[in-house]
Each structure stands twice: as structure tokens, then as C-alpha cells.
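> Just to be clear, the model below is a prediction. Sequence and coordinates:
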Amino acid sequence: MDAKACAELIAKRRMIKPSSMSEQPVPDSAIEAILEAGNWAPSHRLTEPWRFVVVEGEARQHLGRLFEAAYVDQNPEAREFTRQKVAAKPLRTSVLIAVLCHPSDLAKVKPHEEEWAVACAVQNMSLQATALGLSLFWSTGSMMDHPSLAQAFGCTPRGRLMGCLHLGYPGDEGWPEGRRGAWREKVHWCKSNEIDVPTWRPNPDTRSET
């Protein structure tokens, strides 16, 4: 593998907002390649806890109704405008991928390690999407923890919906440039016979794309 090309791909990855994506349809072949990339994520004890649900077509409208019901349950005083906005979220792109964590029942497996593995899967998927000229936008929020959504996506009692990935091509604004602070400012080397790390300083808010 070309190490330079790999580094460039990682640096190019962006999560473009659904409102900045085009209406160009995403072919099934691209979706399948992205799902396969997610399946190659690392997982402790090889539990492979990730599960994915591809939501397209009219299923997006049904998901919107589930979103709205969950939001209203959490916010009974929600205004009609806000309810409609929540219900329309799945319609912002032609395809979404619901990301689930289905943790192993093994006693030695820790739930947070399973969620970390799913996050690694999403990173793999995002990199594969980038290589295909696509972007994944990871949409999360308190709604995702609602029991009705977990049930709709087939979660076990220990399972969890970790968000929905909006998939699409960049729109007229093109591919955004990214910014990161110098990595050397976030690394402390320990080479002596003890660990003595100074208190970390918070990073400035650069307002860059994720």
C-alpha cells in the first residue's frame, strides 16, 4: 500500500452536511463497498458488534415518523414546526445507514469496547466513501437512544442505535477543506523511566468541518 496515498485519503475525509450534498443517487455498488469496509473494523475478542440497516425510498418516510414520535415523547411541548423538521430529517439524502451496536453476551466483553469497535467501523466506512467521492454525515442525538427506535431496528436489550449515516455526493459547494492543529501539540513522548505528563491544555475552537 502506498503510505502517502493512505495519509492523503485520511486527511481528505470530511463529513459534509446533508444540506450540502447533491441529489445524485448513490449506486448500490458504492453502498456495498462502504458496508464491506465497515465490516473490516477491529474488534476486541473478534466479536464484530456492528450491524447496519440501509434505509432508502419510502422507508425514509417511515423512519421520519419514528423520529417524530420519539422526539415528541421526549419533548411533549414541541411545536408543529419542530416536529415537521424532525420528521423530514431522513429525507435530506436518498440513502441512510443506521448504525447499531449489538454487543456480545460474553462475560469478559465490556460494552464500551463494543461501541468503540462500531466507531472504528464508521471511520472505515467514511474513508471508503471518501475514496468513492462520497461523504458520510454521522447524525446522532438523544432521539437515537429512544426505546422505540432500538426496537424498530431489532436491537436486543443490550443493543444500541448509535446514529444514522447520511450518504451522498458533494453539492455545488464542492469538497470542503479541512483544518487541524499541529499533531505535535497533542503528543507527549515518554522515554525515561517514569510517566510524567503535564496537564493538557484545551484545543482552541477552530470551527472546522468534522
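Looks like it arrived, so ask away.
> When you work out contacts or count neighbours from here on, use the C-alpha atoms and nothing else.
Will do.
> which helices and strands sit right next to the longest strand belonging to the chain?
Determined from DSSP state E, the single longest strand within the chain is strand 160-168. Contact partners of strand 160-168 among helices and strands, from 3 or more CA pairs under 8 Å, 6 or more residues apart in numbering; DSSP states H and E: strand 95-101, strand 135-139, helix 147-152.
> ok, it: who's next to it in the sheet?
strand 95-101 (antiparallel), strand 135-139 (antiparallel) (DSSP bridges).
> What are the buried residues along it?
160-168 (16 or more other CA atoms under 10 Å).
> What of stretch 78-91?
For stretch 78-91, by 16+ other CA under 10 Å, it's 83, 86-91.
> Give me the subset of these that lies in helices.
83, 86-87 (DSSP state H).
> and the strands paired with strand 160-168 as CSV, adding mean pLDDT, mean neighbour count and distance to Q74?
Output for the strands paired with strand 160-168, formatted as CSV (pLDDT from 0 to 100; neighbours: other CA atoms under 10 Å; distance: least, CA to CA, whole Å):
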stretch, mean pLDDT, mean neighbour count, distance to Q74
strand 95-101, 98, 23, 20
strand 135-139, 97, 23, 18
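> Can you say which of those strands is nearest to E77?
strand 135-139 (23.2 Å; CA to CA).
> For the protein, just list every one of the helices.
Secondary structure of the chain by DSSP H: the helices cover 3-12, 28-39, 59-74, 80-87, 111-131, 147-152.
> between these, which gets nearest to W183?
Smallest distance to W183 across these (CA to CA): 12.5 Å, for helix 3-12.
> I'd like the distance between I31 and A129.
Using CA to CA, to the nearest Å, one gets 8 Å for the distance from I31 to A129.
> Neighbour count: the two, which is higher?
A129 (24 against 20; other CA atoms under 10 Å).
> List the residues that contact the more buried one.
30, 34, 135-136 (CA atoms under 8 Å, 6 or more residues apart in numbering).
> Any idea how many residues pack against Q74?
Neighbours around Q74, by other CA under 10 Å: 13.
> Leaving out chain neighbours, which residue sits closest to it?
Residue nearest to Q74 in three dimensions, not counting chain neighbours: M143, with 7.9 Å by CA to CA, 6 or more residues apart in numbering.
> Find the residue closest to R65 in space, skipping its chain neighbours.
A87 (5.6 Å).
> And the one you found, how far from C155?
22 Å.
> just C6 next, same as before
35 Å.
> do I97 as well
Taken as CA to CA, the spacing of I97 relative to C155 amounts to 15 Å.
> Next up, the contacts around the residue nearest the centre of the chain.
Centroid-nearest residue in the chain, with CA atoms, centre = their mean: W138, separated by 3.4 Å. Going by CA under 8 Å, 6+ apart, W138 touches 15, 163-166.
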